[in-house]
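> Build me a model:
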Amino acid sequence: MIQLSELTKSFGDRVLFDHVTWQITARERVGLCGPNGAGKTTLLKMMAGLDEPDEGAILKPSALTVGYLPQDGLSHSGRSVFDEAASAFAELLAIKAEMHDVEERLGDPAVPDEEHASMLARYSDLQDTFRLRDGYSIDLKTATVLHGLGFSPADFERPTETFSGGWQMRIALAKLLLQQPDLLLLDEPTNHLDLEARNWLEEYMHGYPGAIILVSHDRFFLDAVVTRIADLTLRTLTDYIGNYSDYLVAHDARMEQLRKAKREQDEEVARIKMFIDRFRYQATKASQVQSRIKMLEKVVPIEVPPERKKIHFHFPACQKSGRTVMEIAHARKSYGSLSVLRDVNLHIERGDRIALVGPNGTGKSTLMRLLSGEEPPTSGTRVVGHNVVMEYFAQDEATRMDPKPNVYETLSSGSPHNMVPAIRNILGGFLFSGDDIYKPVRVLSGGERTRLAVARMLLRPSNTLLVDEPTNHLDLDSKDVLLDALADYGGTLIFVSHDRYFVEKLATKIIEIANGRAVVYPGTYREFLWHKEHAGDELEEKKKEEGKRKKEDVRRQQVEGRSQGAAAMTKGAARPPLRKVQDRPPRPCARSRSRSCGFRAR
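Numbering: from 1, shown residues only. Modelled structure (predicted):
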């Protein structure tokens, strides 16, 4: 389908690709992985035709259609959401418009008969093309994709310019999915999706008719979608068959073999150099020395990617809270006439690990602000338990930081003294190394600020932690650092995350926010999904059991009624008198009667 041939790309002195040869075939699902800055986005842009390689070529069929979704930066205006998404069927819509024009002309009595016949033939051709290309299901397909990506029917007619940047990217993704290009290039497609939309996108990807190359920091999404991982390391692409979990095992094994080979090569080179230095000036060893010098010149050094330091972090010690951490009773939250939450009742105990789930805009962040005390409820009560030390990580935490101090000062200023020695290790775990720790906060990008905010949160002592989407803008390694730290956290954890792997590893209780209500589901996220999937079946089973129970009750009442009636008749009614049999002579038999009759006759 598409092939990279001796591809080379560099920016100044930095080489991203060095004579890379690689290919992808039809209907493949490939995940593109590698450290930040390795060139994943650059590779997608070159395959999409938005950038050119310095050397080499990208070979693809002339009829191949390619669709590319960038990380962000797209916007739409001038049309409704439904019309913008339906514009993916531009050719079919043009055919539909021409059919309407022909219909109007066919109804014009002034059209000559000769032209009338040609218009009928043209209309027949257009109608066949429209039908064969499934044009009559445009509205159904558009509505299905928009609904799957989280748009409600009320959103379909809203102007696209009224939506935020994240929703603009959803509109762009919907158009790409409806276009169904032969090769779909997706750069972080799950960044702006909630859990429900991600789950739907996973299912949609399984049936997608074309090939897919995607970059994602969502481990669960990669495991569910891809069948091959292309690892972009050391200026080349290395293929690993399987999903992301399979890749981790194979990649670690390969890196271990590579490091072992590197150690052995270094030892051999050191031994040869020692021999050369020892016998360089001895005439009897001159030929051997020259032989080993030539041998060294032919050695190709084995290059090993730098090993990222794995950090095992523990939160600062904090006193335990009471058993009851918080009580929310009949809480309601509204902004003017807009009611976001109503009649919320929650009981949170020490050690709970609660994930708030629900579509975007249902009130998860509002509930987090209510729980943290940043905003009071409009009505109802919020009671905090004994000895509760709360730390709240807001969704916009990155924008709340003081821009004046540098990275290191930001962490050290609010940290306990015993945690100061661990600051550099933590910063390294979140991709701040070398002189990066002396950068002022004001010059950091949005992703860097988010990573710094997460690192600062880990250094503050607390026994109740509320975090609202902490995994945004984190790469997979940084997520692992945060996940390990939260998994070892000994206090109460309440969080919002759109990373399913993150939710499944941490949550032991799910609170679903929908229609202004908060419904508690004990158990993991997988168990929550099972319950939602089988909720209709359980309702039917309950109805059947209730129907059986009613029938048994009716049958039991009937039996009891009969037995009670029989007992009443036996007890209350008098026994009828026995009939007296009157004495009467025996009836003569027929023979006796005939004899007597005969005797009288004689």
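
> All the helices of the stretch 501-602 of the chain, residue numbers only.
With helices called from DSSP state H, counting those that start in this stretch, the stretch 501-602 of the chain shows them at 525-533, 535-572, 590-601.

> So for stretch 227-246, what gets flagged as buried?
Applying a neighbour-count criterion of 16 or more other CB atoms under 10 Å, one finds 228-233, 235, 237-238, 240, 243-244, 246 buried in stretch 227-246. For every residue, glycine as well, the C-beta is placed using N, CA and C.

> and after the one helix or strand residue 204 maps to, which helix or strand comes next?
Per DSSP states H and E, residue 204 falls inside helix 195-206. Downstream of helix 195-206, the first helix or strand assigned by DSSP H and E is strand 211-215.

> How far off centre is that following strand?
Per CA atoms, centre = their mean, to the nearest Å, the displacement of strand 211-215 from the mean C-alpha position of its chain is 16 Å.

> That strand pairs with which strands, and in what direction?
strand 29-33 (parallel), strand 183-187 (parallel) (DSSP bridges).

> Only the C-alpha atoms, please, for the last one, written as PDB.
Translated: strand 183-187. Only the C-alpha atoms of strand 183-187 are listed here, as PDB (Å, rounded to 0.1, in the frame of the first residue of the first chain):
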ATOM      1  CA  LEU A 183      -4.800   4.900   4.700                       C
ATOM      2  CA  LEU A 184      -5.800   6.600   7.900                       C
ATOM      3  CA  LEU A 185      -3.100   8.500   9.800                       C
ATOM      4  CA  LEU A 186      -4.100   9.400  13.400                       C
ATOM      5  CA  ASP A 187      -1.900  11.500  15.700                       C
END
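
> Counting by contacts, list what the strand or helix carrying residue 44 packs against.
According to DSSP H and E, residue 44 maps onto helix 40-48. If contacts are counted by 3 or more CB pairs under 8 Å, 6 or more residues apart in numbering; DSSP states H and E, helix 40-48 sits against strand 2-11, strand 29-33, strand 66-69, strand 183-187, strand 211-215.

> want to try CSV for the ones you listed, with mean pLDDT, mean neighbour count and distance to residue 103 as columns?
Below are the helices and strands packed on helix 40-48 laid out as CSV (pLDDT from 0 to 100; neighbours: other CB atoms under 10 Å; distance: least, CB to CB, whole Å):
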stretch, mean pLDDT, mean neighbour count, distance to residue 103
strand 2-11, 91, 17, 42
strand 29-33, 94, 22, 43
strand 66-69, 94, 20, 33
strand 183-187, 94, 23, 36
strand 211-215, 95, 22, 39
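
> what would those strands look like in CSV with distance to residue 556?
Formatted as CSV, those follow (distance: least, CB to CB, whole Å):
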stretch, distance to residue 556
strand 2-11, 73
strand 29-33, 59
strand 66-69, 64
strand 183-187, 62
strand 211-215, 61
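
> Among these, which comes closest to residue 446?
Evaluated with CB to CB, the helices and strands packed on helix 40-48 place strand 183-187 nearest to residue 446, the distance being 15.9 Å.

> Looking at the most centrally placed residue in the chain now. What's its pLDDT?
By CA atoms, centre = their mean, the chain has its centre lying nearest to residue 198, at 3.6 Å. Residue 198 carries a pLDDT value of 92.

> Go ahead and confirm it touches residue 498.
Yes. Applying CB atoms under 8 Å, one finds residue 198 in contact with residue 498, separated by 6.6 Å.

> Give the residues shared as contacts by these two.
residue 190 (CB atoms under 8 Å, 6 or more residues apart in numbering).

> before we move on, the earlier item: next, the angle from the helix holding residue 204 to strand 183-187.
Computed with axes from the mean of the first three to the mean of the last three CA atoms, to 10 degrees, the direction of helix 195-206 lies at 150 degrees from that of strand 183-187.

> Not counting helix 195-206 itself, show me its contacts.
Helix 195-206 is contacted by residues 29, 145, 148-150, 170, 177, 189-190, 193, 212, 218, 221, 224-225, 357-359, 498, 500, 503, 529 when judged by CB under 8 Å, 6+ apart.

> Would you write out the PyMOL command that picks the buried residues out of those residues?
In PyMOL, a selection of the buried entries from the contacts of helix 195-206 looks like this (16+ other CB under 10 Å):
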select buried, resi 29+145+148+149+150+170+177+189+190+193+212+218+221+224+225+357+358+498+500+503+529
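
> Which members of the contacts of helix 195-206 occur in strands, if any?
Per DSSP state E, strands hold the following members of the contacts of helix 195-206: 29, 212, 357.

> Would you mind checking which of those residues is nearest to residue 463?
The closest of these, once distances to residue 463 are taken by CB to CB, is residue 357, at 23.8 Å.

> still on that earlier bit, may I see the buried residues of stretch 227-246 organised as a markdown table, with distance to residue 255, secondary structure and pLDDT added?
Listed next are these as a markdown table, based on distance: CB to CB, whole Å; DSSP: H, G, I helix; E, B strand; the rest coil; pLDDT from 0 to 100:
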| residue | distance to residue 255 | secondary structure | pLDDT |
| --- | --- | --- | --- |
| 228 | 19 | strand | 95 |
| 229 | 14 | strand | 95 |
| 230 | 16 | strand | 95 |
| 231 | 10 | strand | 93 |
| 232 | 15 | strand | 91 |
| 233 | 9 | strand | 88 |
| 235 | 16 | coil | 89 |
| 237 | 16 | strand | 93 |
| 238 | 11 | strand | 93 |
| 240 | 12 | strand | 95 |
| 243 | 19 | coil | 93 |
| 244 | 16 | helix | 93 |
| 246 | 15 | helix | 94 |
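
> re the thing from before, which stretch among the helices and strands packed on helix 40-48 comes nearest residue 49?
Nearest to residue 49, of the helices and strands packed on helix 40-48 and by CB to CB, is strand 66-69 at 6.9 Å.

> Show me what the helix or strand just after the closest one is packed up against.
Heading C-terminal from strand 66-69, the first helix or strand you meet, by DSSP H and E, is helix 81-86. Other elements packing on helix 81-86 under the criterion 3+ CB pairs under 8 Å, 6+ apart are helix 138-148, helix 165-179.

> most packed of those helices?
For the helices and strands packed on helix 81-86, the stretch with the most neighbours on average is helix 165-179, a mean of 20; neighbours defined as mean count of other CB atoms under 10 Å.

> and that helix, what other elements does it pack with?
strand 66-69, helix 81-86, helix 138-148, strand 183-187.

> In CSV: the ones you listed, plus distance to residue 512.
Converted to CSV, those look like this (distance: least, CB to CB, whole Å):
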stretch, distance to residue 512
strand 66-69, 29
helix 81-86, 25
helix 138-148, 19
strand 183-187, 28
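
> Nothing else from me, thank you.
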